[in-house]
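Student: Quick one, fold the following:
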Amino acid sequence: MRKWLVALVVVMFLATILLSVETAAAPVTVERVVVRVSPSANYGLVKAQLLDASRRLGGAFVSEIPEIRAVVLAMPSSAKAALSGISGVLLVEEDKPARLHGEIQWNVYMVKAPQVWSAYSPYYGNAAYGYYSTVRVAVVDTGIDYKHPDLNGAVTWCVVSLNNGATFYKGTDLSKCSDPNGHGTHVAGIIAARLNGAGVAGVAPKALLYAIRVLSASGSGYVSDIARGIIEATKGPDGVAGTSDDADVISMSLGSSSDSTTLHDAVKYAYSYGVVLVAASGNEGASSPDYPAAYPEVLAVGAVDSNGNVPSWSNRYPDVAAPGVNILSTYPGGKYATMSGTSMATPHVSAIAALIQALRLAAGKAKLSPDRVYYAIEYTAYNPTGYSYDPLYGYGIVDAKAAVDYALYYM
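Tutor: Below is the predicted model of the structure:
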């Protein structure tokens, strides 16, 4: 009998030890919470109750912000709910971590470019980032600061056409096409700022660019210079349209409220050689896009902000919309700047067109005609209004991943 009692005691003792070890090994998750005190309650009294409760529940006081009646505590997750039951507590919320904005800014996430990179780079390598040996995006603008660290190696050729052609150059001396204004460099960064761990990243961060400078340091120019820039970009470095070094996409963050036969003929020339043309709808809050965006051969782009809302100044009836408010991008002198306008929205769409063409080629398919590229981008755009088309968003906010998927698998 005594042996049996001794054995029972030993078993109970061992069970107690095992239970205590098991209990001690169980992890306790501690998280920071912000407890807000009701405006109608006595802040000091409620704070004292919170501190007492946190001590009893295994928590600790971190800090307070009395001006907004907030007490910050570190609490076991299991005990957090008990704080809500204290009289005078308005709410209990997680003290969420915050960080600096990274290289990939909100606008690039909004158009879902990183989803293209991650989904297709394992299969098609750099094409998922906009690179293919024969794919080029021509930026028709104020020039590009090709020495900017975030545009290193992005610009391969350039054209200058200023003062009705009185100043003209084309070639590989990129210093001839530097940017005295900043607008063109900003646009170029939205397309192709390098994914290099610093600065910002473009929508197509390995795309190659042609710098086509047709606007002066003040950002103004002549229709004839823009027309010549479009034609030279179409012909490319070899000067012959219809060859592999032609621009595949022409991005035009510029425009005029006046139509021009000369400009339209240049657009039609590029379009006839399979060039995708993308242009800013304009910033006057007008009832229709500016030219060249208004031409049927061109994809017109309106702007949205980070909440997906269309600003009052974005011209109505675009084809699609893209981020164009407070966009951080490259700026001459190795700098970065925040700018707004349909000028900033346009390069997002130009870059998506480059992703489509580069990935089609990498997948062993032919490039799409301009109309087919437009259709892929328009058909897959998201319209917050629920309509298929409306005056504010056109067909909707562009979605790079959906457009690329559609262009690869359904066209």
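
Student: Next up, the contacts around Y129.
Tutor: Applying C-beta atoms under 8 Å, 6 or more residues apart in numbering, one finds that Y129 lies in contact with W117, S121, L195, A204, P205, K206, A207, L355. Placement of C-beta: from N, CA and C, glycine included.

Student: most surrounded residue in the residues you listed?
Tutor: A204 (36 neighbours; other C-beta atoms under 10 Å).

Student: Kindly provide the distance from the nearest residue to that one once chain neighbours are set aside to S350.
Tutor: Spatial nearest neighbour of A204, chain neighbours left out: G130 (2.7 Å); criterion: C-beta to C-beta, 6 or more residues apart in numbering. Distance, G130 to S350, by C-beta to C-beta, to the nearest Å: 10 Å.

Student: anything in contact with each of those two?
Tutor: Residues touching both G130 and S350 (C-beta under 8 Å, 6+ apart): V137, I191.

Student: So what's the gap between stretch 207-215 and the chain middle?
Tutor: The chain centroid and the centroid of stretch 207-215 are separated by 21 Å under C-alpha atoms, centre = their mean, to the nearest Å.

Student: err, stretch 227-241, not the other one
Tutor: Counting by C-alpha atoms, centre = their mean, stretch 227-241 comes out at 29 Å from the chain centroid.

Student: Also stretch 50-69?
Tutor: Here the centre of stretch 50-69 is set off from its chain's centre by 40 Å, with C-alpha atoms, centre = their mean.

Student: in the helix or strand encompassing V159, what's buried?
Tutor: When secondary structure is defined by DSSP states H and E, V159 falls within strand 155-162. By 16 or more other C-beta atoms under 10 Å, the buried positions in strand 155-162 come out as V155, W157, C158, V159, V160, S161, L162.

Student: before we move on, what about stretch 125-140?
Tutor: Applying 16+ other C-beta under 10 Å to stretch 125-140 flags 126-132, 135-140 as buried.

Student: which residues in this structure form strands?
Tutor: For the chain, the strands defined by DSSP state E cover 30-37, 60-65, 70-76, 89-94, 136-141, 155-162, 167-171, 208-213, 249-252, 276-280, 298-304, 320-323, 327-331, 335-339.

Student: Quick one: residues in contact with the first one.
Tutor: What that stands for is strand 30-37. Strand 30-37 has contacts (C-beta under 8 Å, 6+ apart) with 43, 46-47, 50, 59, 62, 68-77, 80, 83, 88-95.

Student: Sheet-wise, list the partners of that strand with their directions.
Tutor: Sheet pairing of strand 30-37 (DSSP bridges) gives strand 70-76 (antiparallel), strand 89-94 (antiparallel).

Student: Can you show me the CA trace of the last one as PDB?
Tutor: Yep, that's strand 89-94 we're talking about. Output of strand 89-94 as PDB, limited to C-alpha atoms (Å, rounded to 0.1, in the frame of the first residue of the first chain):
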ATOM      1  CA  VAL A  89     -12.400  53.700 -22.800                       C
ATOM      2  CA  LEU A  90     -13.400  54.900 -26.200                       C
ATOM      3  CA  LEU A  91     -11.400  52.400 -28.300                       C
ATOM      4  CA  VAL A  92      -8.400  50.100 -28.300                       C
ATOM      5  CA  GLU A  93      -6.400  49.800 -31.500                       C
ATOM      6  CA  GLU A  94      -3.100  48.300 -32.600                       C
END
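
Student: Okay, buried residues for it please.
Tutor: Buried, per 16+ other C-beta under 10 Å, within strand 89-94: V89, V92.

Student: what sits up against that strand?
Tutor: The contact list for strand 89-94 (C-beta under 8 Å, 6+ apart) reads 31-39, 41, 46, 50, 69, 80-81, 83-84.

Student: 10 Å instead?
Tutor: 31-41, 46, 49-50, 53, 69-71, 73, 75, 77, 80-86 (C-beta atoms under 10 Å, 6 or more residues apart in numbering).

Student: Can you flag the buried ones in those residues?
Tutor: Using 16+ other C-beta under 10 Å, the buried members of the contacts of strand 89-94 are 32-37, 41, 46, 49-50, 53, 69-71, 73, 75, 80, 82-83, 86.

Student: Helices of the stretch 151-300 of the chain, start to end?
Tutor: Remark: helices assigned in the stretch 151-300 of the chain by DSSP state H, counting those that start in this stretch are 183-192, 223-235, 261-272.

Student: elements contacting the longest one?
Tutor: The helices and strands touching helix 223-235, judged by 3 or more C-beta pairs under 10 Å, 6 or more residues apart in numbering; DSSP states H and E, are strand 136-141, strand 155-162, strand 167-171, strand 208-213, strand 249-252, helix 261-272.

Student: Tabulate the ones you listed (a markdown table), appending mean pLDDT and distance to Y295.
Tutor: As requested, the helices and strands packed on helix 223-235 are exported to a markdown table (pLDDT from 0 to 100; distance: least, C-beta to C-beta, whole Å):
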| stretch | mean pLDDT | distance to Y295 |
| --- | --- | --- |
| strand 136-141 | 98 | 14 |
| strand 155-162 | 97 | 20 |
| strand 167-171 | 96 | 24 |
| strand 208-213 | 98 | 18 |
| strand 249-252 | 98 | 11 |
| helix 261-272 | 98 | 5 |
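
Student: Out of the ones you listed, the one nearest L392 is which?
Tutor: L392 lies closest to strand 249-252 among these, at 21.6 Å (C-beta to C-beta).

Student: A286 reaches S312, doesn't it?
Tutor: No. Between A286 and S312 there is no contact under C-beta atoms under 10 Å: 11.1 Å.

Student: more crowded one of the two?
Tutor: A286 (15 against 7).

Student: What sits closest to the more buried one if chain neighbours are left out?
Tutor: Nearest non-adjacent residue to A286, counting by C-beta to C-beta, 6+ apart: N315, 4.6 Å away.
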